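Participant: I would like to see how this sequence folds:
(chains A and B)
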Amino acid sequence: MKKTLHHIGLSIVAMICLIPFLWMLSASFMTAGETGQFPPRFWPEHFTIEHYRTLFDRLNLARYFLNSVLISGAATLISLLVNSMAGYAFAKLKFRGKEGLFKVLMAALVIPGQVTMLPVFLMLKEMGLINTYWAILIPGMASIFGIFLIRQYALSIPDSLIEAARMDGATDFQVYWKVILPLCKPILITLAIFTFMGTWNDFLWPLIVLNDQEMYTLPIALANLMGEHVQDTELMMAGSVMTVLPIIILFIVLQKYYIQGIMMGGVKE
Amino acid sequence: MSAIRSSTHWGSVFLFLGPALGAIGVFFFIPVIAAFFMSFTDFDIYSLGNWDFARFVGFANYQKLMENPVFWQALKNTFYFVLVGGPLSIAVSLMAAMMLNSPLTKLRSMFRVVYFLPVVTTLVAVAVIWRYIYHPKFGLLNYGLSFLDISPVDWLGDPFWAMPSLIIMAVWKNFGYNMIIFIAGLQNIPKDLYESAMLEGANPWQQFRYITLPMLAPTTVFITLMTIIGYFQFFAEPYVMTQGGPLNETLSIVLYMYQEGFRWWNMGFSAAIAFVLFIIIFIATAIQLRLQKEGSH
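Facilitator: Here you go, the predicted model:
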C-alpha cells in the first residue's frame, strides 16, 4: 500500500516533467490553427509534417542547425584540450604559486559573467570577429569549472604511474598525452557533454555577438521566430522539437557521465 | 616524488597553463577591470565608432542609477525571483531527491532521467511550450483549473501573476540539477544513524529533522550558494516570455543591463548596472559563507 502510494507520487512528478514535452511533440504535427481551440487538443486531428517542411524549406532551419552543431562541436574540442592541460598542470606539476593561482581562479567564480560582456564585445568588435563563430569560440576557450573538474579527477591518479613513465624517459607532454589523458577518459566525456550542451543551449552571448541571420544558432533563431510568427503555435512547436531533440538524445545516451559530473562539482573539497 | 619535482620546469608549466590562463586573463580578468573603468565613463553609441568620445564622468552613472525608478523596479523583481524562486526550487529538489532515494523506489534511474530532462533542454524551446501552457484562452493550465471552477487567468499578462508564472517555470526547469547533488549528499549519510533512531522510536519527521537535515547541511549550503548566484543572473526567462513586462514587473537586473548596453548602447551606464549586480552577488556570497562558518562552530 505504502509502496503503491509512493510510486503514484513519483509518477505524478514524472508526468509534470514529461507532459510539456509530449504536448510539444504532438502539437508540432497538428495542422495550422488546431492548437487554438478550447478545450485544448492532446492529439492531432489530422497528422501533418507541413511545419517541419516549412522550417527547412522556407525558414533556413538547416543552416541554423549546422551553425549550432559546428559551434558546439568546435567549442567542445577546444575546451577539452585547453582545460585538460590546465587541469593536469594544477593536479600534477609542481611549481611555485600553484595553490595561490588556483585559489584566485576559484574565487573568481563569484564574478558574474555579465560583467565582462561589454568589454569582451568591444574587443571582438575591434578584432572584426562579431558575427563569426570565433566570437563564441574564443572567449569560451577555457572555463574555470572545466579546469576544476579535470584537476579533481587527475589528483586521484597515483604519482607512481607518472614516475614510471618518467623512468622510461617520457617528457611532461608525453606523460600528459599517454598517461593522463587515457586515464581521464570518463571525466573528459563529462566535460565534453557539459560544454556541448552548454554551448548548444546558450542564449545571451550568441544573442549579443551573432546579429546576422545566417550566423544564428537554433535558440536565437527560435527566439527570433517567436517574434515574427507568434500566432503560428504549431510551427513554433516544430522548431522547439528540432532544437531540443538532439540534446535530449545526447543526454539519454550519455546521462551516466553527465550526472557523475554534477556530483563531482557538488562535492566540496 | 623528487623525480617529478626535478624534471618539471617552467617551460612545461607555461605550455600547459598558458592557453587556459591566457584566455581567462584576456577574456575574463582584463574585461572585469575594463568594465569597472567603463562604469565611470559616458561610453555610448558615439563612442562605439570612436573611443575618444567617451569621457570620464565620475560616479554619474551610479548616481543616475540610484535615482532611476526602473532600476529599483528591476532590483525588486530580481530579489523577488531570488528570495521566492530560490528557496522554492531548493525545497522541491530536496523533496524529489528524498523520494528518489527512498528504498521503496523501483525504476530509480528511469525516474531520475525523467526528472532531469527539463534541465538539459534549451530554455527558449521550453519558453515556447510554457507560453502556450500559460495561454489565457487555450492554455493547458487554465483548462486544468476550469475543472476546479477557477476562472481563466492571464498568467503572463497580469502584473500580479507574471512573476509567479516565471518562477514556476524556472523551478520546473531547474529542480533536477540540485536534486542530483542532494541525492549524492543523502547517499553519504550512514544508514545506521536511521536504524538506531528507529530503535529509539523516532518518527519519519523526527528522522528528517534531526538526522537528514543536519547531515545534509554542507550540501545545502553549497546548493544555496550556487542557486542564489545563478538566480541573480535571471535573464532568458523574462527575455523570451515577457520582455520584462507587463509594466516592467518581470524586468530583471541582467535584462535591464542587456537593454541599456546592447539595445541602446549606453555601455557606461550598463557597466554600472553590471557592477551593482556583482556587488550584490559578492555580498550574498559573503553572508552565506559567514553563516556557514558560524554554523560549524
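Participant: for residue 216, give me its contacts.
Facilitator: Using chain A. Applying CB atoms under 8 Å, 6 or more residues apart in numbering or on different chains, we find A:Tyr216 in contact with A:Arg63, A:Tyr64, A:Asn67, A:Pro206, A:Leu210, A:Asn224. C-beta: built from backbone N, CA, C; applies to glycine.
Participant: oops, chain B please
Facilitator: Taking CB under 8 Å, 6+ apart, one finds B:Leu94, B:Phe182, B:Gly185, B:Leu186, B:Ile189 in contact with B:Leu216.
Participant: buried subset of the contacts of A:Tyr216?
Facilitator: For the contacts of A:Tyr216, a burial check counting by 16 or more other CB atoms under 10 Å in any protein chain shown picks out A:Tyr64, A:Asn67, A:Pro206, A:Leu210, A:Asn224.
Participant: got a pLDDT number for the fourth one?
Facilitator: Looking at A:Leu210, its pLDDT stands at 96.
Participant: for the second one, same thing?
Facilitator: pLDDT, A:Asn67: 97.
Participant: same check on the one 5 residues further on?
Facilitator: Per-residue confidence (pLDDT) for A:Ser72: 97.
Participant: does chain B sit close to the helix or strand hosting it?
Facilitator: According to DSSP states H and E, A:Ser72 maps onto helix A:61-92. Yes: for helix A:61-92, a contact with chain B is found by CB under 8 Å from any CB of the partner chain, at A:Leu81, A:Val82, A:Asn83, A:Met85, A:Ala86, A:Tyr88, A:Ala89, A:Phe90, A:Lys92.
Participant: same check on stretch A:238-253?
Facilitator: Yes: against chain B, stretch A:238-253 shows contacts by CB under 8 Å from any CB at A:Gly239, A:Ser240, A:Val241, A:Thr243, A:Val244, A:Ile247, A:Ile248, A:Phe251, A:Ile252.
Participant: going by neighbour count, which of the residues you listed are buried?
Facilitator: A:Gly239, A:Ser240, A:Val241, A:Thr243, A:Val244, A:Ile247, A:Ile248, A:Phe251.
Participant: circling back: among the residues of stretch A:238-253 next to chain B, name the ones in helices.
Facilitator: Among the residues of stretch A:238-253 next to chain B, the subset assigned to helices under DSSP state H consists of A:Gly239, A:Ser240, A:Val241, A:Thr243, A:Val244, A:Ile247, A:Ile248, A:Phe251, A:Ile252.
Participant: low pLDDT regions in chain B?
Facilitator: Applying pLDDT under 70 to chain B flags residues B:1-8, B:295-297.
Participant: how about a cut-off of 80?
Facilitator: B:1-9, B:292-297 (pLDDT under 80).
Participant: if we can go back for a sec, take the residues of stretch A:238-253 next to chain B and lay them out in TSV including distance to B:Asp42 and pLDDT.
Facilitator: Shown next, in TSV, are those (distance: CB to CB, whole Å; pLDDT from 0 to 100):
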residue	distance to B:Asp42	pLDDT
A:Gly239	40	94
A:Ser240	41	95
A:Val241	46	96
A:Thr243	39	95
A:Val244	42	95
A:Ile247	42	93
A:Ile248	47	94
A:Phe251	46	92
A:Ile252	51	92
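Participant: and B:Gln206, which helix or strand is it part of?
Facilitator: helix B:204-207.
Participant: now for that helix, which elements pack on it?
Facilitator: helix B:191-199 (3 or more CB pairs under 8 Å, 6 or more residues apart in numbering or on different chains; DSSP states H and E).
Participant: now do the buried residues in the helix it packs on.
Facilitator: Buried-residue list, helix B:191-199, by 16+ other CB under 10 Å: B:Ala197.
Participant: where does the stretch 101-250 of chain A have low pLDDT?
Facilitator: Short version for the stretch 101-250 of chain A, where the test is pLDDT under 80: A:229-231.
Participant: hmm, try it at 90
Facilitator: In the predicted model, the stretch 101-250 of chain A carries pLDDT under 90 at residues A:107, A:109-113, A:166, A:169-173, A:225-233.
Participant: how about the helices in it?
Facilitator: Here the stretch 101-250 of chain A has its helices, by DSSP state H, counting those that start in this stretch, at A:114-126, A:134-137, A:144-155, A:159-167, A:172-174, A:181-183, A:185-201, A:204-209, A:218-228, A:233-266.
Participant: ok, is the first one in contact with chain B or not?
Facilitator: What that stands for is helix A:114-126. Yes: counting by CB under 8 Å from any CB, chain B is contacted by helix A:114-126 at A:Gln114, A:Val115, A:Thr116, A:Met117, A:Leu118, A:Pro119, A:Val120, A:Phe121, A:Leu122, A:Met123, A:Lys125.
Participant: equivalent analysis for the third one, please.
Facilitator: Yes: when contact is scored as CB under 8 Å from any CB, part of helix A:144-155 falls within range of chain B: A:Ile144, A:Ile147.
Participant: how far is that helix from where the chain is centred?
Facilitator: From the chain centre to the centre of helix A:144-155 is a distance of 18 Å (CA atoms, centre = their mean, to the nearest Å).
Participant: ok and that helix relative to helix A:61-92, angle-wise?
Facilitator: If you take axes from the mean of the first three to the mean of the last three CA atoms, to 10 degrees, helix A:144-155 sits at 50 degrees to helix A:61-92.
Participant: could you give me the buried positions within helix A:144-155?
Facilitator: Buried, per 16+ other CB under 10 Å, within helix A:144-155: A:Ile144, A:Phe145, A:Gly146, A:Ile147, A:Phe148, A:Leu149, A:Ile150, A:Arg151, A:Gln152, A:Tyr153, A:Ala154.
Participant: OK, contacts around B:Ile24?
Facilitator: Counting by CB under 8 Å, 6+ apart, B:Ile24 has contacts A:Leu105, A:Ala108, A:Ala142, A:Ile144.
Participant: helix or strand for A:Ile19, which one?
Facilitator: Counting by DSSP H and E, A:Ile19 is part of helix A:2-27.
Participant: quick check: the farthest pair among the contacts of A:Tyr216?
Facilitator: Checking those against each other with CB to CB, the farthest-apart pair comes out as A:Arg63 and A:Pro206, at 14.3 Å.
Participant: hang on, the earlier thing: what subset of the residues of helix A:114-126 next to chain B is buried?
Facilitator: The neighbour-count test (16+ other CB under 10 Å) marks A:Gln114, A:Val115, A:Thr116, A:Met117, A:Leu118, A:Pro119, A:Val120, A:Phe121, A:Leu122, A:Met123 as buried among these.
Participant: which of the buried ones among the contacts of A:Tyr216 sits closest to A:Gly169?
Facilitator: A:Asn67 (45.6 Å).
Participant: so what's the residue count around the closest residue to the closest one other than its chain neighbours?
Facilitator: Once flanking residues are discounted, A:Asn67 sits nearest to A:Thr217: 5.2 Å by CB to CB, 6 or more residues apart in numbering or on different chains. If you count neighbours by other CB atoms under 10 Å in any protein chain shown, A:Thr217 ends up with 29.
Participant: show me what contacts A:Thr217?
Facilitator: A:Tyr64, A:Asn67, A:Ser68, A:Ile71, A:Trp200, A:Asp202, A:Pro206, A:Leu210.
Participant: repeat that for 10 Å
Facilitator: By CB atoms under 10 Å, 6 or more residues apart in numbering or on different chains, the residues touching A:Thr217 are A:64-72, A:133, A:136, A:199-203, A:206-207, A:210, A:243, B:122, B:124.
Participant: which among those end up buried?
Facilitator: Here, 16+ other CB under 10 Å leaves A:64-65, A:67-68, A:71-72, A:133, A:136, A:199-203, A:206-207, A:210, A:243, B:122, B:124 buried among the contacts of A:Thr217.
Participant: what is the nearest of the contacts of B:Leu216 to chain A?
Facilitator: B:Gly185 (7.7 Å; CB to the nearest CB).
Participant: for B:Leu140, give me its contacts.
Facilitator: Going by CB under 10 Å, 6+ apart, the list of residues near B:Leu140 reads A:Ile19, A:Pro20, A:Trp23, A:Pro39, A:Pro40, A:Phe42, B:Ile129, B:Trp130, B:Tyr132, B:Ile133, B:Tyr134.
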